[in-house]
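> Structure for the following, please:
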Amino acid sequence: MTRARSVLLAALIVCSAVVGAVGPALAQTATDSGPVTYEYTGSPTTLIVDTSNLDGGTEFTVEYTTQGGPSTRTTVLARETYNTANLKEDQLLFFNDGAYESVNVTVSDYSGGEPTFDSKSGLLGGVNLVRTVVGTTGGDSDLTCDTSDKIGNALSGVENLDCTPQPGTTTVNTTNTDTAQVKTDIYQSALNSNASTDNTLTVLNNDLKDAKTQARIEGKNAYIRALNNGSSKSAAKNAAKEAVSDFYATHQRNLLAEYTLTVSHFKYLRSTALNESIDSSYVDTDDQSLSSTGDYTYNWNQPTDSVTLTDGTTEDYTYVQISKTYGPGGDTETYDHYITNTAKSGATLGISAKSLGVHGYSSDTSYVAVVPFERYQSTWTTIENQDQTVRNEMDTLAENTYSAYQAGEINNSDLVDPYVLASQQSPGDDFQGWAAAQLTLLGTNSPENFDQIGSFQITTESGTQYEGVLFSQENPASGQFENGTTYNTSNIGGTQYVVTSDRIVELDGEFTIDSISTQDGQTVQNVTIQKTTYETTNVTELKQQYEDLAYKRAQIEAREKALKQSAGGGLLGGGSVPPVVALAVIGTLLAIVVLQN
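Reported below is the predicted structural model:
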C-alpha cells in the first residue's frame, strides 16, 4: 500500500469508521477471564474485536502483536485497557491496512462471555455506525513515524501507531526518515493549505461584495417588524441595527474558524520540521532579515485571545505571537498577530512579518504562505466597516421613514419586501406562485397583469414545447413579447425562464411564443414584462417599493386562487410538487444566478 493511499484511507476512516455485517469467529483459547487469543492472517485491512458477550462495565486488556515487524522477535503494536461501558457499538477496530501479513490479538482480564473476532478487507462499508478505534499502522510495517504518518495522523484524527511509543518504551522512532523527503512533504502540505486558505478568503471576500444588500434587507425587515409591533423610533432603529450586526457576526465567526485552523496547521508543520532537525528558518515567517544574528522565537504559551464581534458577543481564537531577539541576550521585539490587527511591543529591530509559511527547499521553489496575517486582518476590517456603514444607513432609514409611518403615509399592511414575499409561498401549494416569488426575490420580472395570465405556449429551437409563464429581466427591443414571434435570448437582457407546473426552465438560444392566453382561454396578442428598479432609501421610493411588492404579492395570490377554483386546477391540476423536486429546482435556480454573477 502506498503512503498516499494510506493517508487517504486514514482520512476516510475518520469520516466514518464503519463495518459491514460480519460473522464472529470463535476464539482459540478461553477461560472465565481469558486470556483469549486470535490470529488474523492474509494481510487484512480491519481487525474487529466484538465485546458484546462480555459483562457490561467490565474492564479488559487487549494486546496486538506481530512477527512481521522490523524485528525478528515478537513486536507489540498496541496494548490498551478498555471498559465495555465506554465502547462504541461494543466493538474495537484495529486498522492493519495490509501492513502485516498476520496479527495476533489477545483479550484478557475480563468477565462474562467470550469476545469474538473477525476481519474485513478493502475499504470499509456497510452500516454507518462508528466504532472505537485502537489505531492504524499507516499502511507500512517499519514502525517509523515518517512525515506521511504524521500528516495522516493530523488529518484523520486516528492515532497512527508508528507515531506513538511502543508498549514498554517511551520513544518514537524517526531516525530513518529522509530529511529531503520530509522537507518536500512539508512544502507540499503548505501548498495545499495555501490553496485552501486562498479559496476560502476569496469566496468570503466575493460574498462581502454583495453582503451590504443582504444586510440592508435583514435590517429593513427587522425595522418593519418593529414598526408593526408599535415600537418607538429608537427601538425600531436598534432592532434594525442589531439584525445587521447579527448578519455580519456570522461572517466573522467563519473567518475566525479559518484563522485558527491555519495557525494550528502551521504550528504542526513547524514542530514536524524541528523534530526532524530541519533548520528553524525553513518553516518560519516571510521575513528573515535578521536570520544571521538570531532566531525567531514562537510563543505559544498564550495561544488564545478574545475578540468582540459585531453582535456584541465574544469569541476565543488562536493567534500568533512572534518575538525575535537580536543576538544572544540582546533586545527583543515582539509582535502579536491578532485577527483584527498586529500589535508591536519591545525594541525596534525592523521585523516585517506579513505571514507564516514554508520557504523553498530548492532553487526552483519559493516561499509559500500558510497564515497570511494581512489578508485575514484586511477581511476582518472589511466586515467591520460594512457593518458600520449599513448600521448608519439604518439610522437614515428610520429618520426618513418613521414620521411618515406615524402619519399614515406608509400603510402597515403593505410593508413587505422580497424575502417576505418569497416566504409566503410554498412549492407544495402552488409551484408557479412559489417560483414567481423566488424569481422576484432574485430580481427577475414577471408579465404585467400577472393575476390574469393563463399560460404561454413556447417552443424552443430543439422543438421542445413548454406550457407555463414567461419570466424575463428585460423586454425585447420591441418592448413587448408577441404571439407568433421568434426571439433569441442573446438579444434580450438578463435571463429568460418558463415556469411550468412543476419546474423552472431556463431558455437558451432561439424560442418561439406560439400563443399567449388568459385564464379564461382568451388569446392575448402581446405581453409586456414589468420592470422595477430602486436606488435610494428616501420615503417616497421606499413607499413605492412596498406598494409594488404588495401588489406583486396580491397578483400571485389572486392567480393562485383563480387557478384552484378553475376546473382541473389550471396548470397545476390540483396537485402539489414533491419537496425533493422543489429543492432541486431552487438549487438549480440559485446555481444559475451564482454563475451569472
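> For Leu309, which non-adjacent residue is spatially closest?
Ala249 (4.3 Å; C-beta to C-beta, 6 or more residues apart in numbering). C-beta: built from backbone N, CA, C; applies to glycine.
> And Glu467, how close does it get to Ile492?
21 Å (C-beta to C-beta, to the nearest Å).
> wait, I meant Thr304
Counting by C-beta to C-beta, the gap from Thr304 to Ile492 is 55 Å.
> Name the residue in the two with the higher neighbour count.
It is Ile492, of Thr304 and Ile492, that has more neighbours when counted by other C-beta atoms under 10 Å, with 18 against 10.
> these two touch, right, the residue nearest to Leu309 and Asp311?
Yes - under the criterion of C-beta atoms under 8 Å, Ala249 makes contact with Asp311 at 3.9 Å.
> Past the helix or strand hosting the residue nearest to Leu309, which element shows up next along the chain?
Secondary structure assignment for Ala249, by DSSP states H and E: helix 233-275. Following helix 233-275 in sequence order, the next helix or strand is strand 283-285 (DSSP H and E).
> quick one, domains of this protein?
3-177, 185-378, 418-596 (automatic domain parsing).
> and these, which one's lowest on average pLDDT?
Ranked by mean pLDDT, the domains of the chain end with domain 418-596 at the bottom, a mean of 64.
> distance of the residue nearest to Leu309 from Thr460?
Distance from Ala249 to Thr460, by C-beta to C-beta: 46 Å.
> Which one's more surrounded, these two?
Neighbours were counted for Ala249 and for Thr460 using other C-beta under 10 Å; Ala249 has more, 19 against 16.
> separation between that one and Ile339?
From Ala249 across to Ile339, the span is 13 Å (C-beta to C-beta).
> what's the answer for Thr389, then?
Counting by C-beta to C-beta, the gap from Thr389 to Ile339 is 20 Å.
> More neighbours: those two, which one.
Between Thr389 and Ile339, counting by other C-beta under 10 Å, Ile339 is the more crowded of the two (22 against 13).
> Are we agreed that that one is in a strand?
No - under DSSP: H, G, I helix; E, B strand; the rest coil, Ile339 falls outside any strand and is assigned coil.
> Which phi and psi values does Thr528 adopt?
Taking degrees, to the nearest 10, you get phi -110, psi 130 for the backbone angles of Thr528.
> and it, how many neighbours does it have?
14.
> hang on, it packs against Pro476?
No - between Thr528 and Pro476 there is no contact under C-beta under 8 Å: 10.2 Å.
> Tell me the helices and strands packed up against whichever helix in the chain runs longest.
The longest helix of the chain (DSSP state H) is helix 179-228. In terms of contacts (3 or more C-beta pairs under 8 Å, 6 or more residues apart in numbering; DSSP states H and E), helix 179-228 is packed against helix 147-156, helix 233-275, strand 355-358, strand 368-372, helix 373-406, helix 418-423.
> Could you measure from Leu261 over to Arg253?
The value you get for Leu261 to Arg253, if C-beta to C-beta is used, is 13 Å.
> Kindly report the same for Ser515.
Distance from Ser515 to Arg253, by C-beta to C-beta: 53 Å.
> Asn229 now?
29 Å.
> So which of the two has more stuff around it?
Arg253 (14 against 10).
> wouldn't that one be in contact with Thr310 here?
No - here Arg253 does not reach Thr310: they are 10.3 Å apart, not a contact under C-beta under 8 Å.
> measure Val158 to Ala190 for me?
23 Å.
> With Thr61 instead?
On the measure of C-beta to C-beta, Thr61 and Ala190 end up 41 Å apart.
> can you dump the C-alpha coordinates of stretch 514-524 into CSV?
Only the C-alpha atoms of stretch 514-524 are listed here, as CSV (Å, rounded to 0.1, in the frame of the first residue of the first chain):
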residue,chain,number,x,y,z
ASP,A,514,-46.8,30.1,-30.2
SER,A,515,-49.6,31.6,-28.1
ILE,A,516,-50.5,33.6,-25.0
SER,A,517,-53.8,33.1,-23.2
THR,A,518,-55.7,34.4,-20.2
GLN,A,519,-57.1,32.2,-17.5
ASP,A,520,-60.4,32.0,-19.3
GLY,A,521,-58.8,30.9,-22.6
GLN,A,522,-58.8,34.2,-24.5
THR,A,523,-55.9,34.9,-26.8
VAL,A,524,-53.6,37.8,-25.9
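> So which bits of it are buried?
Neighbour counts over stretch 514-524 (16 or more other C-beta atoms under 10 Å) mark 516-517, 519, 524 as buried.
> which among the residues you listed gets closest to Tyr402?
Proximity of the buried residues of stretch 514-524 to Tyr402 was ranked by C-beta to C-beta; the top entry is Gln519 with 41.2 Å.
> Next up, phi/psi of the closest one, please.
phi -70, psi -30.
> now Thr66
phi -150, psi 160.
> State the distance from the closest residue to it other than its chain neighbours to Thr41.
Closest residue to Thr66 apart from its sequence neighbours, by C-beta to C-beta, 6+ apart: Tyr100 at 4.5 Å. Tyr100 sits 10 Å away from Thr41, taking C-beta to C-beta as the criterion.
> ok, the residue nearest to Leu309 - contacts?
By C-beta atoms under 8 Å, 6 or more residues apart in numbering, the contact list for Ala249 reads 309-311, 313.
> Looking at those residues, which is nearest Asp50?
Thr313 (46.1 Å).
> For that closest one, which non-adjacent residue is closest in space?
That would be Ala249: by C-beta to C-beta, 6+ apart, it lies 6.8 Å from Thr313.
> what does Lys120 give?
Nearest to Lys120 is Thr46, by C-beta to C-beta, 6+ apart, at 4.5 Å.
> What is the burial count for the one you found?
Neighbours of Thr46 (other C-beta under 10 Å): 26.
> who's it bridged to?
Phe95, Lys120 (DSSP bridges).
> now it: how far from Gly138?
Distance from Thr46 to Gly138, by C-beta to C-beta: 14 Å.
> Asp502 too?
Asp502 is 51 Å from Gly138, by C-beta to C-beta.
> who has more neighbours, the two?
Gly138 (31 against 20).
> isn't there a helix covering that one?
No - assessed with three-state DSSP, Gly138 is coil; it does not lie in a helix.
> surely the residue nearest to Lys120 meets Phe94?
Yes - using C-beta under 8 Å, Thr46 is in contact with Phe94, at 7.2 Å.
> who are the neighbours in contact with Gly135?
78, 94-95, 158-161, 164.
> Repeat the analysis, applying 6 Å as the threshold.
78, 159, 161 (C-beta atoms under 6 Å, 6 or more residues apart in numbering).
> Show me which residues of the helix or strand hosting it are buried.
Assigned by DSSP H and E, Gly135 belongs to strand 132-136. By 16+ other C-beta under 10 Å, the buried positions in strand 132-136 come out as 132-136.
> pull the CA atoms of it into CSV?
Extracted in CSV, the C-alpha atoms of strand 132-136 (Å, rounded to 0.1, in the frame of the first residue of the first chain):
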residue,chain,number,x,y,z
THR,A,132,-14.0,2.5,19.0
VAL,A,133,-10.7,2.7,17.1
VAL,A,134,-7.4,1.4,18.7
GLY,A,135,-5.2,2.9,16.0
THR,A,136,-3.8,2.4,12.5
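> before we move on, back to that, which of Tyr100 and Thr41 has more neighbours?
More crowded of Tyr100 and Thr41, by other C-beta under 10 Å: Tyr100, with 24 against 11.
> was I right about that one contacting Thr65?
No - between Tyr100 and Thr65 there is no contact under C-beta atoms under 6 Å: 9.7 Å.
> which non-adjacent residue is nearest Asp90?
Closest to Asp90 by C-beta to C-beta, 6+ apart is Ser52, at 4.1 Å.
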